[in-house]
Structure formats: structure tokens, C-alpha cells
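Chemist: Only the shape, not the letters, is given here:
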């Protein structure tokens, strides 16, 4: 049994609840944790006077504008806060965690992309952005870490062909890792209880949705999660679930093909 | 041939020169990089309004006062800036680096210590400090990473018995790693050209010194480096050298038993 858990990096994701779940499941099988870093990146950006900016693609996907300074702050948050705290919380629960990323062990190898964004109704191309997409996952390295009984903790940073780091989407990274490891399940933990029929009503969770239904319902950040779910399913992962990260969360939404 | 390189975390340590040296040596043999994080910790502490404090032990050794918040800032600097940047610089040079620490992979396991400090002529014991000493090095993990052709990049954080992270001295960590791996050489790179006969005169480098001679000459941060050199030699490392980190540095000081 192999489980890939994605823990969001937004405010409202309870790291202790995530660590409890990872530890509990790691005692029974193979678990990989992939995490985000958005709230911590915002905090660091604020402290260093380099405020975060969000850009929106022509298809409505939101992402972080990642100039080189933002990439460094993102790496600092992802590796120095999120990966660190998850590793520490897992060690405190008797689980040997090992942090990996693109720059560390070439866990995720990617390609920098020109970003198309919509600003004031016009589409622009950003050529100096350090956002990328994932080309490959270091399956051998992950298998070796899992074989040694450790839990890989993966930050959403890829390494590009020039060796430089790239900001990649955490949900899609988790989907790629799940597909590469032939995982039995991808569990996406976030700060909402699942896919909502009415985004203003947290009791309107859809228990199951096909990819097409989910694409029709998703807005904002949920669009990337649905895209990740679709990619995981297409990559052969039999079960994808999106739910809240806290301890008494409901079952959330199962996404099916 | 196994070489352990310690790169200081002070201002004035040229990371590109360190990465050049690590990459050059990694093409010929096994290299482990251990780094510090002091200047980056100071920067983060400043940005988050939690200024750094230095304490001095009864024997005159300086160290960082590490309350829990400082530990988190230290981890952020060590893992999110120093380890990240070294991994990235090594990947850009075609070397596959892999970041490790106590919390990540239990690379360094340690014990928290009560810190004795001198303040206004009185000796106090700090019981809430997150500084520790190293009990063991994960030799199997390091050997496995080296066998795969990777360069371990080790941050000076140990994991304690409770799973929580501890700030450990980087020079002494490098000495422990060098002894554990039966390294042929420990090279300590810093922001001064070596052990100086006259601390105000950078041309007064002592080419070789016994541990006893070095202990008599060392002041300030150099005292820890000499202690690390002594521990490495006692641990069976045949050659210990202290020199500047920049590209055109002189040969520095060889410490002998």
C-alpha cells in the first residue's frame, strides 16, 4: 500500500493533524508527503519587503509571480519552514522523515516555462519567471528512501536543466509523484472540506465527482487541485480524494474518471 | 579518497568559490559539505524582529543564544537558504547534491545541553536553550548517498531524543562527520586566511600548528575551529586544514596532533 499525501501550504492547514495522519499511515505502509508553502512564503515576502503577487492565466488558473527573489523566498519557506517542521513533527512521532526537492537529490526535474498571464484584459508573456512544470520524478531515489523505512517529505521545487530551482505547483507535483510510484491513493489535504457545490457554503461538499463535473464546479485554487486529480487518475492512480487537513475533517470529495 | 569540507556561514564566505571547490573535488572522489548559517540567521532574525544574541561560556567559547524562535529562524536560514543555495549551485555545476540534517534522515543525532554562560561576571545555567551536542552520525545514510554518487550537504542541526531539532556547532559537526566516514581530510573554510599569530594581521598565518599551539593562539570563533580540529584528529582524521573560503585563498593552517 502506497499513499501520497499532499498538504496545502495555506493558512488553516493544521500541520500537527497532517503529521498525525502521516505517522499513523506510515506505521502501516509506504507514505510520501508533498507539501505547499504559500502562507509561509507570504510571511517571508512581507518580512523582507518583497510582497507576493498573484497572476492569472488565460484559462483562469492562479499562480505566484516568481521573480528570482520570490523564488528564493519560496525556497526558504518551503525548505526552511514547511519541510523542516514536517520532518521535525514526524521525528517527534517516531517516524524518520527525509526532506527532498528538485535541488536536493533531483527528486523533481522540470522545465521553466514562459507564463501567459491576463492583466487588465490583455494577455502578456512573462519570460523572467521561475515557475516550471515537472518532467520527471526520481522514482529510484524515492523507492530507496521508502525501502529504508523513511517518509520522503517533498517540497514543490523542481530543478531545471541549468541546475536552477523552479517553483512548481504542489498539487500537480503530488499527482506526478503518486503516478511515478504507482500509488494506491492520492489524498489532497487543504483548508476547505472538499469540492463545494456552493463555494460560500462549507456544508455543500460533493461526495464524489467525475473530473468533468469537478472541472465545472471548481473555482480559484480548487481548479489546480482538480487538474492534479485528473493527472493522477490519468497516470494510473486508482483513488484521489480532496478533503480538509484538520483532525475531525469529513470524508471530502472522491474524484473519479 | 573522502574529503569533508566545512564552509562557514559568516559574511565573507564566498558560496560560489565553495561550490567550485566541492564540485572539482567531487569529480575525483567522495566529498561531504557541512555548512554554517550564522549570517543568514542574523538576517532572518533582523527581518522578523527577533535579534540575535551571543552568549559566552566560562571557557570563553561564543555561541548563539537559541530559544525556540531562534532555533526556527536558524533552521530556516540553514535549510532554506544555505543548504538550498549550495544544492542549487552544485546542481548547476553538474553535481547531484542532497541536503541532510538531524530532522531530515536523522543524519546527526544529539542531546540538548544546559548551557553555562557568563554574564556580568556571574555564571548562569540556561535550561531553555535549544543548543545541543552530537552523539552520533548516520554513517549508513551518508555512505548510501555517497555510493549513489551524490554529495551530502549537511546543515548543523541535530535531532534530539524527543524528535526536536537542536542547533549544533557546524565545525564540530564537520569533525564528527569526518571521523564517522574515516575521511582522509577535513578542510575548514572560513572568512579568515587561517590561524593567525596576530589576529589583527591577516598576513600572520601560521602554516602548521599542533593542537596545543593552536589552542594557545586561537581567539573568538577560531577557538571552536581548533576544538573541531582536535576532535577530528582524535577521531582518526589524518589531515585537518583551516583556510579562507575564497577562490585565491592561500594554503592556510594545517593542525597536527
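Modeler: The structure has been received and is ready for your questions. Predicted, not measured: the structure shown is a model, and the values here were computed from it.
Chemist: In the stretch 151-257 of chain A, which residue sits nearest chain B?
Modeler: residue A:163 (3.1 Å; C-beta to the nearest C-beta). The C-beta positions use only the backbone N, C-alpha and C, and glycine is treated the same way.
Chemist: And for that residue, the neighbour number?
Modeler: A count of nearby residues for residue A:163, using other C-beta atoms under 10 Å in any protein chain shown, gives 20.
Chemist: And for the one 10 residues further on?
Modeler: The burial metric for residue A:173, expressed as a neighbour count using other C-beta under 10 Å, is 29.
Chemist: same check, this time on residue A:180
Modeler: The number of residues packed near residue A:180 is 20, by other C-beta under 10 Å.
Chemist: Could you verify my assumption that it touches residue A:142?
Modeler: Yes. The pair residue A:180 / residue A:142 is scored as a contact, 7.3 Å apart, by C-beta atoms under 8 Å.
Chemist: contact partners of the lowest-mean-pLDDT helix or strand in chain A?
Modeler: Lowest on mean pLDDT, DSSP states H and E among the helices and strands of chain A sits strand A:62-64, with a mean of 84. Applying C-beta atoms under 8 Å, 6 or more residues apart in numbering or on different chains, the external contacts of strand A:62-64 come out as A:38, A:41, A:52-57, A:70, A:74, A:115, A:131, A:167, A:169, A:220-221, A:223-224.
Chemist: Drop anything exposed from those residues.
Modeler: Buried by 16 or more other C-beta atoms under 10 Å in any protein chain shown: A:38, A:41, A:52, A:55, A:70, A:74, A:115, A:131, A:167, A:169, A:221, A:223-224, out of the contacts of strand A:62-64.
Chemist: among these, which two are most distant?
Modeler: For these, the maximum inter-member distance is 21.5 Å, found between A:70 and A:223 (C-beta to C-beta).
Chemist: and the stretch 1-150 of chain A, which of its residues are near chain B?
Modeler: A:44, A:47-48, A:72, A:75-81, A:83-84, A:87-94, A:96-100, A:102-106, A:141, A:144, A:148, A:150 (C-beta under 8 Å from any C-beta of the partner chain).
Chemist: Among the residues you listed, name the ones in strands.
Modeler: Among those, the members found in strands (DSSP state E) are A:97, A:98, A:99, A:100.
Chemist: Tell me who's in contact with the closest residue to chain B within the stretch 51-200 of chain A.
Modeler: As assessed by C-beta to the nearest C-beta, chain B sits closest to residue A:80 within the stretch 51-200 of chain A, at 2.1 Å. Residues in contact with residue A:80, defined by C-beta under 8 Å, 6+ apart, are B:75, B:76, B:77, B:78, B:79, B:80, B:81, B:84.
Chemist: Looking at these, which is nearest residue A:126?
Modeler: residue B:84 (23.0 Å).
Chemist: give me every residue that touches the closest one.
Modeler: Residues near residue B:84 by C-beta under 8 Å, 6+ apart: A:75, A:76, A:79, A:80, A:103, A:104, A:165, B:99.
Chemist: Equivalent analysis for residue A:98, please.
Modeler: Residue A:98 makes contacts with A:87, A:145, A:150, A:151, A:152, A:153, B:100, B:104, B:105, as judged by C-beta under 8 Å, 6+ apart.
Chemist: which among these end up buried?
Modeler: Listed as buried from the contacts of residue A:98 are A:87, A:145, A:150, A:151, A:152, A:153, B:100, B:104, B:105; burial here means 16+ other C-beta under 10 Å.
Chemist: So which residues of chain A form helices?
Modeler: With DSSP state H, the ranges of helices along chain A come out as A:15-26, A:38-47, A:68-77, A:84-92, A:139-147, A:170-180, A:211-217, A:222-234.
Chemist: Give me the mean pLDDT for the fifth one.
Modeler: Read that as helix A:139-147. For helix A:139-147, mean pLDDT rounds to 98.
Chemist: Verify the contact between residue A:210 and residue A:257 for me.
Modeler: Yes. Between residue A:210 and residue A:257 there is a contact at 6.7 Å, judged by C-beta under 8 Å.
Chemist: Between those two, which contacts overlap?
Modeler: Taking C-beta under 8 Å, 6+ apart as the criterion, residue A:210 and residue A:257 do not both touch any residue.
Chemist: what about the nearest residue to residue A:156 once chain neighbours are set aside, how many neighbours?
Modeler: Once flanking residues are discounted, residue A:156 sits nearest to residue A:170: 3.9 Å by C-beta to C-beta, 6 or more residues apart in numbering or on different chains. Neighbouring residues of residue A:170 were enumerated by other C-beta under 10 Å; the total is 27.
Chemist: Residue A:170 reaches residue A:13, doesn't it?
Modeler: No. The pair residue A:170 / residue A:13 is not scored as a contact, 11.2 Å apart, by C-beta under 8 Å.
Chemist: which residues are in contact with both of the two?
Modeler: Common neighbours of residue A:170 and residue A:13, using C-beta under 8 Å, 6+ apart, are residue A:36.
Chemist: quick one on the thing from earlier: can you list the ones in strands among the residues of the stretch 1-150 of chain A next to chain B in CSV and add pLDDT and distance to residue A:21?
Modeler: Converted to CSV, those look like this (pLDDT from 0 to 100; distance: C-beta to C-beta, whole Å):
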residue, pLDDT, distance to residue A:21
A:97, 98, 14
A:98, 98, 18
A:99, 98, 18
A:100, 98, 20
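Chemist: Fine by me, we can end here.
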